[in-house]
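Q: Based on what follows, work out the 3D shape:
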Amino acid sequence: MITRPTSRGILLVLVSWTPDAPAGIERATAALALGLAQNGHRPVIATAAPQPEGPGLPGVTVAQLRLDDVHFPCDDDTLRRAVTYQDTRLTRQIRALITEHRIDTVLFTDALWGLGRLRGDIPGHVRRALAAHVKPHTLDAGPALARATRVIVPSTVVRDELASWGPRNLRVVPNALLSDPAVVPPPPKLREQLRRTGPVRILARLGPEKGVLDLLEAASGWDRPIDVALAEAGFEADQGSQSELLAACQAVAARTPGVLLRGALAWDEVLPWLAGAAVVIVPSHKETFGLVALEAMSVGTPVVAYRVGNLSALLSPTGDGDHLLVSHDEGPTSLHKAAQTLLEDDILYDATTQTVYRQAAKFEPRRIADFFLEAVS
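A: You can find the predicted model right below:
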């Protein structure tokens, strides 16, 4: 990392952050921190989750927060109670990190999980930004929005959801892509082979809104292998809900020929795995950004998805990707039909791989890091 004379100290707070966490907010936080480091700044990620041994993100410091009575995975209610009772202690820890690392901007990466709801004061010269990756729960939104000097959202979808709440200091800063320069799109001959015989792949964390169970229940009789990677995140809607959903998916996969269900991928495994797909299906019922879709696009793999949330903006920003999107009302069989139509048309498939690859290049970490600093300054 090259430190510029104008190097800035940025503290990114996310209590569930770990490397290899199968969740978009963790990956987006890592990508932003990496882009900041590559641009010569001093990013620090503050987390309460246990950290594995081994090398981390180049140029990025990871600092440990003490948060008692919380074990991961954790549900919102448990975390909210813990943060409320330990507000003063957590604020004191944030202030210590600001002093130690010469921080000028704190990014609370979520109203709850990113501690944006903390009521304690931080030094007046420090910018206090809030990232709202999703619309905050009303219990957390009040203090988080009131205290933030800037509110950052990843898409116009979230911006519009927050519009009625009246934050005047709101800016759209897309999530960055946690890219790996060593992973490149398959060469044309291999991509053509994948089009003919390669698997359909689905990558998601265990949440009902990701739509994986619905897709699996409709997958009987598909003419392609279906590879599914599911992983447990550090947060869940209710205690044990991820385990219950996994068991349901495993039961359907076991009775459906051609379906291969596996567990979590490490971060450095994600892009190669997506690159080896003929097509990636994102069956989400809602997406405030769509990081899995972007990751597949970055290695030239076409993505088929419902026309929900920000997926339309990612897959068809100018209308040339409309063949990749289907109405949510048509259900999961429509995703299969769209994928099949794409795979049967070699000219359309080749053009699509090139288009999505070029689109993904716009989300390079250093570029997004500059957008972020401009937004919070």
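Q: what's downstream of the lowest-mean-pLDDT helix or strand in the chain, the next helix or strand?
A: Taking mean pLDDT, DSSP states H and E as the measure, strand 235-236 is the helix or strand of the chain with the lowest mean score, a mean of 83. Note on strand 235-236: by DSSP states H and E, the next helix or strand toward the C-terminus is helix 241-254.
Q: Who are the packing partners of that following helix?
A: helix 212-217, strand 226-231, strand 259-262 (3 or more C-beta pairs under 8 Å, 6 or more residues apart in numbering; DSSP states H and E). For the C-beta atoms, the positions are set from N, CA and C on the backbone; glycine is no exception.
Q: Would you mind writing the CA trace of that helix as PDB?
A: C-alpha atoms of helix 241-254 as PDB (Å, rounded to 0.1, in the frame of the first residue of the first chain):
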ATOM      1  CA  SER A 241     -33.900 -20.300  10.800                       C
ATOM      2  CA  GLN A 242     -30.900 -20.900   8.600                       C
ATOM      3  CA  SER A 243     -30.600 -24.500   9.700                       C
ATOM      4  CA  GLU A 244     -34.200 -25.200   9.000                       C
ATOM      5  CA  LEU A 245     -34.000 -23.700   5.500                       C
ATOM      6  CA  LEU A 246     -30.900 -25.700   4.700                       C
ATOM      7  CA  ALA A 247     -32.600 -28.900   5.800                       C
ATOM      8  CA  ALA A 248     -35.500 -28.200   3.500                       C
ATOM      9  CA  CYS A 249     -33.200 -27.500   0.600                       C
ATOM     10  CA  GLN A 250     -31.300 -30.700   1.200                       C
ATOM     11  CA  ALA A 251     -34.400 -32.700   1.200                       C
ATOM     12  CA  VAL A 252     -35.600 -31.300  -2.100                       C
ATOM     13  CA  ALA A 253     -32.100 -31.700  -3.700                       C
ATOM     14  CA  ALA A 254     -31.900 -35.400  -2.500                       C
END
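Q: where does this structure have low pLDDT?
A: For the chain, residues meeting the criterion pLDDT under 70 lie at 1-5, 167-168.
Q: one step back: dump the helices and strands packed on helix 241-254 to a markdown table, plus mean neighbour count.
A: As requested, the helices and strands packed on helix 241-254 are exported to a markdown table (neighbours: other C-beta atoms under 10 Å):
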| stretch | mean neighbour count |
| --- | --- |
| helix 212-217 | 22 |
| strand 226-231 | 21 |
| strand 259-262 | 16 |
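Q: Could you tell me the end-to-end distance of stretch 131-151?
A: 6 Å (C-alpha to C-alpha, to the nearest Å).
Q: Go through it and flag the buried ones.
A: 131-136, 140-141, 143-145, 147-148, 150-151 (16 or more other C-beta atoms under 10 Å).
Q: same thing with stretch 316-334?
A: Going by 16+ other C-beta under 10 Å, stretch 316-334 has these buried residues: 316, 321, 323-326, 328, 331-332, 334.
Q: The residues you listed in strands, which ones?
A: The members of those that map onto strands under DSSP state E are 325-326.
Q: Out of the buried residues of stretch 316-334, which comes closest to residue 284?
A: Nearest to residue 284 among the buried residues of stretch 316-334, counting by C-beta to C-beta, is residue 328 at 9.5 Å.
Q: nearest residue to the closest one other than its sequence neighbours?
A: residue 306 (4.4 Å; C-beta to C-beta, 6 or more residues apart in numbering).
Q: Please name the residues that touch that neighbour.
A: Counting by C-beta atoms under 8 Å, 6 or more residues apart in numbering, residue 306 makes contact with 211, 282-285, 325-328, 335.
Q: got the buried residues of stretch 316-334 as CSV, with distance to residue 89 columns?
A: Formatted as CSV, the buried residues of stretch 316-334 follow (distance: C-beta to C-beta, whole Å):
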residue, distance to residue 89
316, 47
321, 48
323, 53
324, 48
325, 47
326, 49
328, 44
331, 48
332, 46
334, 50
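Q: Which members of the buried residues of stretch 316-334 occur in helices, if any?
A: 332, 334 (DSSP state H).
Q: so which of the buried residues of stretch 316-334 comes closest to residue 264?
A: Closest to residue 264, out of all of the buried residues of stretch 316-334 and judged by C-beta to C-beta, is residue 332, at 22.9 Å.
Q: burial count for the nearest residue to that closest one once chain neighbours are set aside?
A: Nearest non-adjacent residue to residue 332, counting by C-beta to C-beta, 6+ apart: residue 218, 4.1 Å away. Using other C-beta atoms under 10 Å, the number of residues around residue 218 comes to 18.
Q: Would you mind giving the domain segments of the protein?
A: 9-173, 188-362 (automatic domain parsing).
Q: quick one, which of these is nearest to residue 372?
A: It is, among those and with distance given as C-beta to C-beta, domain 9-173, at 5.1 Å.
Q: Give me the distance between the two termini of the closest one.
A: First-to-last distance for domain 9-173 - C-alpha to C-alpha - comes to 19 Å.
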